[in-house]
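*Asks:* what follows is a predicted structure for the sequence shown.
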Amino acid sequence: MVTDDLHERGTAVRRAVLGDAHVDGAIARTTGFDKDFQDYITRYAWADVWQRPGLDRPTRSLLTLVLLAALGHWEEFEMHIRATRNTGATGDQVKEALFHVALYAGVPAANRAFAIAREYFPEPDVREV
């Protein structure tokens with residue numbers, strides 16, 4: 001794996017957002033075939049885009065969730081739902097963002113996103129009948 005300032009900064013942000021266990025697993029699964037791709041996303045997604053000024057981390061997290069849901073990338077969506085515990089995006093913010101998915105990308109996409117997200121933001125045990 002390549003090491004330089006951009007890669008190191010990207011790795012630090014990736015760990016802060018996704019967690020050490022996820023990043024360690026991704027690194028352990030990296031092969032000669034995809035090592036350049038792993039370096040690419042570390043440098044350009046995590047070191048460049050996620051560290052740009054102008055948006056805070058919770059906002060970037062919500063934007064990522066909305067885009068992934070709108071595009072139907074459910075494995076990545078779930079990974080970023082789990083990451084909200086590190087990004088500061090709240091369950092209420094995720095819920096509101098998913099209403100935008102329903103309006104602009106369609107109810108089926110939002111329905112699936114809500115189904116995944118509710119596993120990470122469960123309701124209280126008391127339910128009204």
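*Replies:* Thanks, I have the structure now. Source: prediction; values computed, not measured.
*Asks:* for this protein, what spans make up the helices?
*Replies:* 5-18, 20-29, 35-40, 57-71, 74-87, 91-105, 107-117 (DSSP state H).
*Asks:* low pLDDT regions in the chain?
*Replies:* Across the chain, the ranges flagged by pLDDT under 70 are 1-3, 124-129.
*Asks:* got the domain boundaries for the protein?
*Replies:* 1-52, 55-123 (automatic domain parsing).
*Asks:* which of these is buried the deepest?
*Replies:* domain 55-123 (a mean of 17; mean count of other CB atoms under 10 Å). C-beta coordinates here come from the backbone N, C-alpha and C atoms, glycine included.
*Asks:* distance between the ends of that one?
*Replies:* 29 Å (CA to CA, to the nearest Å).
*Asks:* same check, this time on stretch 39-57
*Replies:* Note: stretch 39-57 ends 21 Å apart using CA to CA.
*Asks:* what comes into contact with that stretch?
*Replies:* Residues outside stretch 39-57 that contact it (CB atoms under 8 Å, 6 or more residues apart in numbering) are 1-2, 6-7, 9-11, 13-14, 17, 60, 63, 87-88.
*Asks:* let's see 6 Å
*Replies:* The set of residues external to stretch 39-57 that reach it, using CB atoms under 6 Å, 6 or more residues apart in numbering, is 2, 6-7, 9-11, 13-14, 87-88.
*Asks:* dump the residue contacts of the most centrally placed residue in the chain.
*Replies:* In the chain, the residue lying closest to the centroid (CA atoms, centre = their mean) is residue 80, at 2.4 Å. By CB under 6 Å, 6+ apart, the contact set of residue 80 is 64-65.
*Asks:* that one and residue 22: what is the separation?
*Replies:* 11 Å (CB to CB, to the nearest Å).
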